[in-house]
Structures are given as structure tokens and as C-alpha cells.
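Asks: Fold the following.
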Amino acid sequence: VDRQRLVLEWSQERLLKWLAVGLISLVAFETLAVATAMPTVVSSLEGANLYALAMGITMATQLIATALAGPWSDNRSPQSCLYTGVLLFVVGLTICTFSPSMQIFVLGRAIQGFGGGLSMVPLYTIIGNHVHPLRQPPFFAAFAAAWVLPALIGPGIAGLVVQYASWRWIFGFVPVVFLIAFPVLVKVTATLPRTEPADSDGSTKRRVLLAVGAGVSVALLQVMSGTEPDEFTPLILLIIAVSAILTFVFMKPLLPAGTFTAKRGLPSTVLLRGLANGTFIGVETFLPLLLQLVHGWDPASAGLVLTVGSITWAIGSAVSGRITDQAKRAQLPVIGTLVQLVGTAITFAGVFEGVPGAAIIIGWTITGLGIGLIYPTMTVHALAMTKTRNKGKTSSALQMADTLGGAFCVAAAGIAYALVLPNLSPAFAAAIGLMVVILVMAMPIARRISPLPDSDEALQLQETQQL
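Replies: I've put the predicted structure just below:
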């Protein structure tokens with residue numbers, strides 16, 4: 001298919017951007033609001049023992065769906081995958097809204113995560129195929145900006161709704177808006193020209209089975225992260241070790257060859273995305289709790305840390321989107337990783353009572369800026385190294401790395417935290433310190449994202465940059 005015919009007209013591209021940003025904003029609001037509402041949910045449905053599973057199951061099922069979404073987008077169409085994902089996301093939230101028990105609620109969360117996994121990959125694929133490469137950086141920067149308003153108002157609104165109405169409204173509001181926007185989304189994307197299908201190697205079934213194995217292993221780690229300190233028996237520790245190993249064994253064939261050994265080019269790009277996203281989520285999960293328990297902040301003030309991190313993430317993304325000089329863009333991953341490491345290290349200092357809690361706010365403000373420089377840059381770079389017929393596979397790899405990084409780092413930080421309790425400051429130090437160590441390991445990987453000269457990836461990157 002002629003490349004010029006694939007590129008969207010300006011009016012279509014603008015509408016697609018608004019729709020995509022709107023959908024991501026709703027997902028962002030839901031993500032932040034759920035964290036606020038979940039304690040009330042488990043109390044209402046009398047399912048405190050399933051709290052960890054309810055929080056982590058979405059990442060596990062999203063991992064499974066993301067593996068399926070790549071070949072689906074490449075071999076069939078990204079549109080059909082996107083439509084299915086959006087509808088399943090709505091179904092999952094609807095089940096959560098009307099759940100009579102915690103078990104049904106967990107089922108709804110599982111379906112919600114599966115729908116989310118089917119939605120993001122085709123969206124990335126459509127942008128990679130139909131938006132001109134020079135306009136992709138601001139496109140993906142807008143995705144990060146879509147988290148700003150939800151970060152500002154999401155937790156506060158959710159708190160008021162939970163307190164004065166019902167937690168069920170938190171889950172019931174988003175499906176209504178999604179269904180209103182869905183016909184417009186179909187109208188914009190249904191007429192896009194088909195790209196050349198990728199060569200199917202019959203491996204889709206194998207990919208899904210591997211992803212199911214990885215998802216189950218990650219879900220088990222999520223559950224283990226809620227173990228009481230005095231319950232870490234040798235058997236529990238063995239289960240944790242085996243689950244962690246199996247997670248990477250199952251994931252290895254689903255990511256570009258050489259990802260876990262930081263091979264130059266696309267593998268290191270995917271790995272860096274996973275490490276940056278995973279450590280960010282792994283630390284952020286504990287920050288409101290840290291500010292309340294160690295520094296005595298009230299919940300509303302402690303929630304400020306989530307807001308500043310989201311805002312500076314958007315600022316960093318906006319900066320990266322405005323840099324078009326290729327030599328300068330090549331330095332963004334190294335600079336961004338270093339900034340994220342410095343910010344996280346400052347945040348780590350805040351685990352101690354003698355250090356003012358404001359250090360956490362300052363550190364996390366810097367951290368958000370760092371990952372903002374990294375995140376959209378990695379997306380554009382990875383897609384630029386990928387041929388059109390394989391952009392779904394690359395998009396899937398990026399999303400799987402994000403999901404694996406987030407799920408694994410949250411579980412690892414949670415296990416480290418639980419092992420050291422009830423000593424609060426040392427427990428937080430163990431969780432956040434582990435993320436700092438991982439970021440130190442990520443620094444040399446940031447220098448390996450450029451492909452080897454004269455490789456297929458290098459030639460494709462050069463061709464994309466010349467468009």
C-alpha cells in the first residue's frame with residue numbers, strides 16, 4: 001500500500017487525537033479513582049482477603065490480552081481489535097458496578113484488564129501506520145498530557161463520591177461515556193486503508209498460552225505481596241521465587257529476541273520502557289501511605305504527590321514532543337533515565353522520619369519529569385525501527401513491557417515492604433530502595449537503544465527519519 005495513501009488527512013488525524021486523548025483520560029480517571037475507592041469496595045463486599053488480587057488482576061489479564069492484540073492487529077486489523085477491547089472494558093466495569101460479591105467484582109476487574117490490553121496496542125498501531133512520523137512525537141506526548149486533569153481531580157472526586165454517594169458510581173460512570181464516544185471512534189477508524197498483513201507463522205496460539213502463563217505467574221506474585229510479615233515461610237518464599245522465574249520464562253518468547261540481555265536496538269528500547277514504567281509505578285504505589293504513616297500527612301495532602309508526578313510527566317512528554325532534531329532526541333533516553341534516577345533517590349531519602357516529607361514531593365516532581373522524557377520517546381523510537389506490517393507486534397511488545405514492568409515491580413516492592421514490617425521506615429526503604437537499584441541498572445541500557453549500524457532496524461530507522 002502506498003505510504004502517502006496510508007497517512008491520515010489533517011482533519012481525521014486531529015479528530016483521532018481528540019478521541020484517543022479522551023479515551024485515555026477516562027482510563028486515567030478510572031485508574032486513579034479505583035485506588036481511592038478500593039478500601040470501601042472490599043469493606044462493602046466483605047472481601048478484604050481478595051484486596052491484593054482485585055488490585056493486581058487487571059495487570060495480569062492485560063498482559064495476556066496485549067500478547068494477543070499484537071498479532072491480531074497485524075494479521076487482521078487494528079480496528080477490530082480496538083473495538084473488541086473497548087467493549088470488553090465497558091463490560092468489565094459494568095460487572096464491577098453491579099457486583100453482589102467480591103468474587104464477581106474480581107471477575108469484572110479481570111475482564112476490564114483484558115479489554116484494556118486489547119485497546120492500547122491497536123491504538124498505537126493505527127498511529128504508527130497512519131500518522132506521519134514527524135507528527136507522532138506530539139501525538140504520544142498528548143497521551144501523557146491526558147493524565148494531567150484526571151490526576152488533578154480524580155482522587156478528590158472519587159473520595160467525595162465514595163463518601164456521599166456510592167463506590168459503584170466510580171465504576172458505572174465511565175462505561176456510559178465510553179458508549180457515547182464509541183460510534184465516533186468507529187466512524188473515524190473504520191475507513192482507514194488496510195496495511196499489508198504480516199506473514200502469519202501460526203504462532204498466535206502459542207503466544208496466548210505463554211501470555212496466560214506469564215499472567216498467572218504475575219497474579220500469584222501480586223497475591224504473595226500481601227503476605228503478613230510472620231507468614232513468610234520457606235514454602236511462601238519458594239513460591240515467590242518460582243513465580244518470578246516462570247514470569248520471565250513465559251515472557252521471553254513474547255518480547256523481541258535479546259530483550260532480557262539488553263541487545264542493542266529494539267530489545268533494549270523495550271526493556272528500558274519496562275524498567276522506567278515499572279520502577280515509577282513501584283515507587284508511586286507507596287508514596288501516599290509513606291507520607292501518612294511516617295510523616296503524619298492527612299490523606300488529601302498525601303494525594304498531592306500523585307498529582308505533581310503526573311503533571312511533570314506531562315511536561316517532560318511535551319518537551320520531548322517538541323524536540324525534532326534527531327541528534328538531540330537520541331540523548332533523551334539517557335537524560336530522562338538519569339533525571340528519573342536522581343528524583344527517585346531524593347524520594348528515597350524521604351523514607352526517614354528526620355527528613356521532611358516535602359523531600360518526597362520534590363523528588364517525585366523530578367522523577368515525573370524524567371519518565372516524561374523517556375516514555376513517548378521510546379514509543380516513537382521503537383515504531384521508527386519497525387516495518388509497517390510489524391508495528392502491531394512492536395506496539396504489543398511495548399505494552400507488554402509496560403504491564404510486566406508495572407506488575408512485577410509493584411509485587412517486588414510489596415514483598416520487600418512486607419518482609420521488613422512492622423518497622424515502617426526500614427520497610428519503605430526496602431521497597432523504594434529496590435526500585436533505585438533497578439534504575440541504576442537501567443542507566444547503561446539507555447545507551448543501547450540505538451541499533452547496530454547497517455542492521456535492518458538501522459536501515460528502517462533511517463528510512464523513517466527521511467520521510
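
Asks: now this structure, which segments are flagged as low pLDDT?
Replies: Applying pLDDT under 70 to the chain flags residues 1-8, 35-36, 39, 48-53, 144, 155, 193-204, 299-300, 466-467.

Asks: Show me the residue at the heart of it, geometrically.
Replies: residue 402 (4.6 Å; Cα atoms, centre = their mean).

Asks: tell me which element that residue is part of?
Replies: helix 391-420 (DSSP states H and E).

Asks: now do residue 448
Replies: Element membership for residue 448, per DSSP H and E: none, as it lies in no helix or strand.

Asks: Could you do residue 109 as well?
Replies: Using DSSP H and E, residue 109 maps to helix 102-130.

Asks: Residue 215 now?
Replies: helix 204-224.

Asks: hmm, back to that, show me which positions of the helix holding residue 402 end up buried.
Replies: Within helix 391-420, the residues that count as buried by 16 or more other Cβ atoms under 10 Å are 391-418, 420. Where you see a C-beta, it was placed from the backbone N, CA and C, and this is true even at glycine.

Asks: before we move on, what about stretch 244-256?
Replies: Buried residues in stretch 244-256 (16+ other Cβ under 10 Å): 244, 246, 247, 250, 251, 254, 255, 256.

Asks: contacting residues around residue 419?
Replies: 229, 232, 427, 430 (Cβ atoms under 8 Å, 6 or more residues apart in numbering).

Asks: picking that back up, and the helix holding residue 215 with helix 102-130, angle?
Replies: 130 degrees (axes from the mean of the first three to the mean of the last three Cα atoms, to 10 degrees).

Asks: Which other helices and strands does the helix or strand that comes right after helix 204-224 contact?
Replies: Per DSSP H and E, helix 204-224 leads on to helix 234-251 as the next helix or strand towards the C-terminus. With contacts taken as 3 or more Cβ pairs under 8 Å, 6 or more residues apart in numbering; DSSP states H and E, helix 234-251 sits against helix 204-224, helix 391-420.

Asks: Out of the contacts of residue 419, which is nearest to residue 223?
Replies: The closest of the contacts of residue 419 to residue 223 turns out to be residue 232 (Cβ to Cβ; 13.5 Å).

Asks: So that closest one sits against residue 416, correct?
Replies: No: contact status for residue 232 versus residue 416: not in contact, 11.2 Å apart, counting by Cβ atoms under 8 Å.

Asks: How about residue 275: what's its closest non-neighbour residue?
Replies: residue 442 (4.4 Å; Cβ to Cβ, 6 or more residues apart in numbering).

Asks: Next, the buried residues of the helix holding residue 109.
Replies: By neighbour count on 16+ other Cβ under 10 Å, the buried set for helix 102-130 is 102, 105-130.

Asks: What is it packed up against?
Replies: By 3+ Cβ pairs under 8 Å, 6+ apart, helix 102-130 packs against helix 10-44, helix 51-75, helix 78-97, helix 136-145, helix 358-384, helix 391-420.

Asks: Any idea how far that helix is from the middle of the chain?
Replies: Relative to its chain's centre, helix 102-130 lies at 11 Å (Cα atoms, centre = their mean, to the nearest Å).

Asks: Likewise for stretch 123-132?
Replies: 19 Å.

Asks: Stretch 28-44 too?
Replies: From the chain centre to the centre of stretch 28-44 is a distance of 18 Å (Cα atoms, centre = their mean).

Asks: And the contacts of that stretch?
Replies: Contacts of stretch 28-44 (Cβ under 8 Å, 6+ apart): 47-48, 50-51, 54-55, 93, 102, 105, 146-147, 150-151, 153-155, 157-159, 161-162, 167, 170-171, 174, 306.

Asks: Please convert the buried members of those residues into PyMOL selection syntax.
Replies: In PyMOL syntax, the buried subset of these is picked out as below (16+ other Cβ under 10 Å):
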select buried, resi 47+50+51+54+55+93+102+105+146+147+150+151+154+155+157+158+159+161+162+167+170+171+174+306
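
Asks: Now stretch 398-414 - C-alpha only, CSV.
Replies: Extracted in CSV, the C-alpha atoms of stretch 398-414 (Å, rounded to 0.1, in the frame of the first residue of the first chain):
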residue,chain,number,x,y,z
LEU,A,398,6.0,-2.1,24.3
GLN,A,399,2.6,-2.6,26.1
MET,A,400,3.7,-6.0,27.5
ALA,A,401,6.9,-4.5,28.8
ASP,A,402,4.9,-1.7,30.5
THR,A,403,2.5,-4.1,32.0
LEU,A,404,5.1,-6.6,33.1
GLY,A,405,7.3,-3.9,34.5
GLY,A,406,4.5,-2.4,36.5
ALA,A,407,3.1,-5.7,37.8
PHE,A,408,6.4,-7.2,38.6
CYS,A,409,7.9,-4.1,40.3
VAL,A,410,4.8,-3.4,42.4
ALA,A,411,4.8,-7.1,43.5
ALA,A,412,8.6,-7.0,44.2
ALA,A,413,8.3,-3.7,46.1
GLY,A,414,5.3,-5.1,48.1
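
Asks: still on that earlier bit, who are the contact partners of the residue nearest to the centre of the chain?
Replies: 273, 274, 277, 278.

Asks: and which of the residues you listed is nearest residue 86?
Replies: Nearest to residue 86 among those, with distances taken as Cβ to Cβ, is residue 277, at 22.4 Å.

Asks: on contacts alone, who are the packing partners of the helix or strand containing that closest one?
Replies: Using DSSP H and E, residue 277 sits in helix 266-284. Judged by 3+ Cβ pairs under 8 Å, 6+ apart, the packing partners of helix 266-284 are helix 304-322, helix 326-349, helix 358-384, helix 391-420, helix 424-446.

Asks: For residue 247, give me its contacts.
Replies: With Cβ under 8 Å, 6+ apart, residue 247 has these contacts: 214, 217, 218, 221, 404, 408.

Asks: Could you dump the residues you listed into JSON lines with distance to residue 138 added?
Replies: Shown next, in JSON lines, are the contacts of residue 247 (distance: Cβ to Cβ, whole Å):
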{"residue": "214", "distance to residue 138": "33"}
{"residue": "217", "distance to residue 138": "37"}
{"residue": "218", "distance to residue 138": "33"}
{"residue": "221", "distance to residue 138": "37"}
{"residue": "404", "distance to residue 138": "28"}
{"residue": "408", "distance to residue 138": "31"}
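
Asks: Show me which of the residues you listed is closest to residue 366.
Replies: residue 408 (23.9 Å).

Asks: what residues are up against the closest one?
Replies: So residue 408 contacts 218, 221, 244, 247, 278 (Cβ under 8 Å, 6+ apart).
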